[in-house]
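# Here is my input, please return the structure:
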Amino acid sequence: MNQVFALSVLMASIGCVSVVAQQGATSRPVTSQMLLDGLKDPTRWLMFGGDYTSRRNSPLTQLTPLNVSQLTPKWLFQTPAAAPGRGLESTPVVLDGILYVTGNYNHAWALDARTGRPIWHYQRTLPDRLRVCCGMVNRGPAIQGDKLYMGTLDAHLVALDRKTGSVLWDATVEEPKNGYSITLAPLVVKNKVIVGISGGDFATRGFIDAYDVEGGNRVWRFYTVPGAGEPGSETWPGVEPMLRGGGAVWATGAYDPTLNLVYYGTGNPNPDYYGDDRKGDNLYTCSLLAIDADSGKLKWHYQFT
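Okay, the predicted model is just below:
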């Protein structure tokens, strides 16, 4: 491998979108088939997990145990100003020589992968008070067509024009004052953008949502803690514990196109360290969920803990 880059991002505090240059006209829109093909074209990385199996394993063979020590930085990208928070947790989307990367406090950039030159920068204006668990991080965008999709710390889902960084639509997923946020990278499946909610350490009720890729309208919602009388509610001692039951979904899922199922893991019940007032199995927390991608209906679950 004779072209290697290093990426270092510190958080910026300047606002809005600034376009430095337009991307090349040769970059065609991302289709559902391209997403299904995954890493068949190893020059692309079109989703958080690399492909729908979400194994995060590149098929490229240039790097080996014998030559990895020879890697050297080719460029360094730093944002203009620092902000407190944990380090970068984003996995970039890579397409046609462009890196689409998100950072802390809901910044996003398009960068020339060969030089590190910024093409555009987007920063979301956030409310003064946020209840975010855990860290002001963002784990990356999703892509389809000419749109990038990003979850936000104030529990919105936004679609950005991937050529300019401008906002195309903005959907409210939940209210941040209620302890909800989004830190995971969305997953695009056919004509839907699927997101999960963070906040399982607060008195929240977790859920997974699907939104229309074009207009941002919500198509379905699956609550990871059931409502009264629903299957699984018998594993909770009452309605009140269920309404604050946790079960956050802050890690991006996987998709099986043959079965048309998405797979998501859920987090801890709430409160996480005191279980005396929520005795029982507390479904569907600490579980793996298989959900029909079209309807949002639960197909099966497995609870690990």
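
# Now Asn138. Nearest residue, chain neighbours left out?
Leaving aside its sequence neighbours, Asn138 sits nearest to Thr102 (Cβ to Cβ, 6 or more residues apart in numbering; 4.2 Å). From N, CA and C alone the C-beta is placed, and that goes for glycine too.

# in the host helix or strand of Leu99, what's buried?
Using DSSP states H and E, Leu99 sits within strand 98-103. For strand 98-103, burial by neighbour count (16 or more other Cβ atoms under 10 Å) applies to Ile98, Leu99, Tyr100, Val101, Thr102, Gly103.

# Now tabulate the residues you listed in a markdown table and tack on distance to Tyr149 and pLDDT.
Output for the buried residues of strand 98-103, formatted as a markdown table (distance: Cβ to Cβ, whole Å; pLDDT from 0 to 100):
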| residue | distance to Tyr149 | pLDDT |
| --- | --- | --- |
| Ile98 | 16 | 97 |
| Leu99 | 16 | 97 |
| Tyr100 | 10 | 98 |
| Val101 | 14 | 95 |
| Thr102 | 11 | 94 |
| Gly103 | 16 | 90 |
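
# Mind pulling up the pLDDT for the nearest residue to His107 once chain neighbours are set aside?
In space, and not counting its chain neighbours, His107 is closest to Gln123: 5.0 Å by Cβ to Cβ, 6+ apart. Reading off the confidence values, Gln123 has pLDDT 93.

# How about Val239?
94.

# gap between stretch 226-238 and the chain center?
Put simply, stretch 226-238 sits 28 Å off its chain's centre (Cα atoms, centre = their mean, to the nearest Å).

# tell me how far the ends of that stretch are from each other?
11 Å (Cα to Cα, to the nearest Å).

# Show residues contacting that stretch.
225, 239, 242, 245, 277-284, 298 (Cβ atoms under 8 Å, 6 or more residues apart in numbering).

# among these, which ones are buried?
Counted by 16+ other Cβ under 10 Å, the contacts of stretch 226-238 give Val225, Met242, Gly245, Arg278, Asn282, Leu283, Tyr284, Leu298 as buried.

# contacting residues around Val225?
Contacts of Val225 (Cβ under 8 Å, 6+ apart): 205-206, 232, 236, 242-243, 245-247, 269, 282-285.

# Among the residues you listed, which one lies nearest to Leu157?
Leu157 lies nearest to Gly206 out of these, by Cβ to Cβ, at 16.0 Å.

# Would you agree the closest one is in contact with Gly200?
Yes. Proximity of Gly206 to Gly200 meets the contact threshold set by Cβ atoms under 8 Å, at 6.2 Å.

# Under the pLDDT cut-off, which ranges of the stretch 1-150 of the chain? List them.
1-26, 80-86 (pLDDT under 70).

# And for Arg114, the neighbour number?
The local packing of Arg114 (other Cβ atoms under 10 Å) involves 13 other residues.

# contacts for the strand holding Leu99?
By Cβ under 8 Å, 6+ apart, the residues outside strand 98-103 that reach it are 7, 9, 11-12, 23, 27, 79, 88, 90, 92-94, 108-113, 119, 138-141, 143, 148, 150, 162.

# which stretches of the stretch 51-200 of the chain form strands?
Secondary structure of the stretch 51-200 of the chain (DSSP state E, counting those that start in this stretch): strands at 93-95, 98-103, 107-112, 118-123, 142-144, 147-151, 156-161, 167-172, 187-189, 192-196.
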